[in-house]
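Novice: Predicted model, plus sequence, below.
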Amino acid sequence: MASTANSMASTAVDPLPSWNDGPAKRGVLVFVARVTTRGSTDFLPQSDRIAVFDNDGTLWPEKPMPFQAAFAIDELKRCTRTEPRLASDPMVQAALSGDLEKLLQGDHLDGLMQVLALTHAGMTVDEFRDAVEAWFKSAKHPRFGRPYDELTYQPMQELLRYLRANGFKNFIVSGGGADFMRVWVERVYGIPPEQVVGSTARTKFELRESGPVLTKTLDYLFVNDGQGKPSGIHQFIGRRPTVCAGNSDGDHAMLQYTTRNNPGPGLGLILHHTDDVREYAYDAETQSSGKLVEALEEAPRRGWLVVDMKQDWNAMFHRVHG
């Protein structure tokens, strides 16, 4: 089967042109051929072809901070101009001074959650959507000088398209806020908002003169990270994944859930940030999110593909036309 997939890759149109030939690319092609070829012992019907992707650090960068944190801090700066009392809050001070280590402390990223409460809770979901869309139109990444939504990884965009063309249903399973991602994922990744599993909190329904509205709160907060990811997959998808892609120990449990004792075949893929020229290089040591130690250690034992960004990719960011 491997030789068949390799032959297909060399003679047909390459579905992953931004991936250099190597174990990672071949591993993806061979796996997809195994589970989509009728007669193969690992053949899966389309209903079982579920692929889950982390977002921050897997589909786009997470440095110098997760993009939603950048959005929250920009919103905070806007709020403090009209509500100066906020500036006395220690976590607001940490956010405005760029103290990410303090913001990300605690089992549930307590400081960041407090900032999100100040900037997100109390807004209607429509107001929040408008704020996110306005931010994407004006904000630019501090290093690359491009809008944040133009910084998705070209090789991962190709992988999403390749899986979709082979009957997979792609989901984003991220620690980021579900409402934040649902604003733009369809435009940027071709993934509809109902295929996003992220951190959530309760919304409150109201019938106003203008019509029904939902207002965001931080009640019943669910942080979709670490061991929360398999729980989120079970709760919102209801099927065990076949393909899982992540980049940090926050994805470790999701990788295990996809590949260990899975009744069907499972492919785990870890994106290792090794390119500090075109992007960033980090794993065990990182000043914000994206620590990668335990999952990387387990990868060889489980046969997970480790993608070395510097070696395995010949292009970095998605080419936006227009």
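Specialist: It's in.

Novice: Do I have it right that Gly57 meets Gly290?
Specialist: Yes: between Gly57 and Gly290 there is a contact under CB atoms under 8 Å: 4.8 Å. The way it works is simple: take the backbone N, C-alpha and C, and place the C-beta from them, glycine included.

Novice: Need the residues touching each of the two.
Specialist: Residues touching both Gly57 and Gly290 (CB atoms under 8 Å, 6 or more residues apart in numbering): Asn247, Ser248, His273.

Novice: How about the contacts made by the first one?
Specialist: The contact partners of Asn247, taken as CB under 8 Å, 6+ apart, are Asp54, Gly57, Thr58, Glu62, Ile270, Leu271, His272, His273, Gly290, Leu292.

Novice: Grab the nearest non-local neighbour of the second one.
Specialist: Same thing as Gly57. Among residues not flanking Gly57 along the chain, Asn247 sits closest, at 4.1 Å (CB to CB, 6 or more residues apart in numbering).

Novice: backbone phi and psi for that neighbour, please?
Specialist: Listed backbone geometry of Asn247 is phi -140, psi 0, with angles given as degrees, to the nearest 10.

Novice: For Leu269, see how far away it is.
Specialist: Distance, Asn247 to Leu269, using CB to CB, to the nearest Å: 9 Å.

Novice: and if you look at Thr286?
Specialist: To Leu269, Thr286 is 20 Å away according to CB to CB.

Novice: Which one's more surrounded, these two?
Specialist: A side-by-side neighbour count of Thr286 and Leu269, using other CB atoms under 10 Å, places Leu269 first with 26 against 17.

Novice: For that one, list the residues it contacts.
Specialist: When contacts are counted by CB under 8 Å, 6+ apart, Leu269 touches Ala24, Val28, Val243, Cys244, Ala245, Gly246, Trp304, Leu305, Val307.

Novice: after whichever strand or helix holds Leu271 comes which helix or strand?
Specialist: With secondary structure defined by DSSP states H and E, Leu271 is part of strand 267-274. Reading on from strand 267-274 to the C-terminus, the next helix or strand found by DSSP H and E is strand 281-282.

Novice: Give me the contacts around that following strand.
Specialist: Contacting residues not belonging to strand 281-282 are listed as Lys63, His273, Thr274, Asp275, Gly290, Leu292, Lys310 [CB under 8 Å, 6+ apart].

Novice: And the nearest residue to the first one once chain neighbours are set aside, how close does it get to Phe67?
Specialist: Pointing back at Lys63 there. Closest residue to Lys63 apart from its sequence neighbours, by CB to CB, 6+ apart: Tyr280 at 4.6 Å. Applying CB to CB, one obtains 14 Å for the distance of Tyr280 from Phe67.

Novice: and for the two, which residues touch both?
Specialist: Pro61.

Novice: Which one of these two is surrounded by more residues?
Specialist: With neighbours defined as other CB under 10 Å, Tyr280 and Phe67 compare such that Phe67 has more, 23 against 18.

Novice: For the more buried one, give me the pLDDT.
Specialist: pLDDT, Phe67: 93.

Novice: Grab the nearest non-local neighbour of it.
Specialist: Tyr148 (4.9 Å).

Novice: Now do the one you found, the pLDDT please.
Specialist: On the pLDDT scale, Tyr148 is placed at 97.

Novice: Report whether the expected contact of it with Val132 is present.
Specialist: No: using CB under 8 Å, Tyr148 is not in contact with Val132; the gap is 10.6 Å.

Novice: for the stretch 151-300 of the chain, what spans make up the helices?
Specialist: Using DSSP state H, counting those that start in this stretch, the helices of the stretch 151-300 of the chain run over residues 154-165, 178-182, 185-189, 228-236, 252-259, 294-302.

Novice: Out of those, flag the one nearest Glu83.
Specialist: If you check each of the helices of the stretch 151-300 of the chain against Glu83 by CB to CB, helix 178-182 wins as the nearest, at 21.7 Å.

Novice: Quick one: residues contacting Ser289.
Specialist: Ser289 sits in contact with Asp56, Gly57, Glu62, Met65, Pro66, Leu104, Gly175, Ser248, Gly250, where contact means CB under 8 Å, 6+ apart.

Novice: so can I have JSON lines of these showing distance to Leu76 and neighbour count?
Specialist: Putting the contacts of Ser289 into JSON lines (distance: CB to CB, whole Å; neighbours: other CB atoms under 10 Å) gives the following:
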{"residue": "Asp56", "distance to Leu76": "19", "neighbour count": "24"}
{"residue": "Gly57", "distance to Leu76": "23", "neighbour count": "27"}
{"residue": "Glu62", "distance to Leu76": "19", "neighbour count": "25"}
{"residue": "Met65", "distance to Leu76": "13", "neighbour count": "22"}
{"residue": "Pro66", "distance to Leu76": "15", "neighbour count": "25"}
{"residue": "Leu104", "distance to Leu76": "15", "neighbour count": "18"}
{"residue": "Gly175", "distance to Leu76": "20", "neighbour count": "24"}
{"residue": "Ser248", "distance to Leu76": "25", "neighbour count": "28"}
{"residue": "Gly250", "distance to Leu76": "24", "neighbour count": "24"}
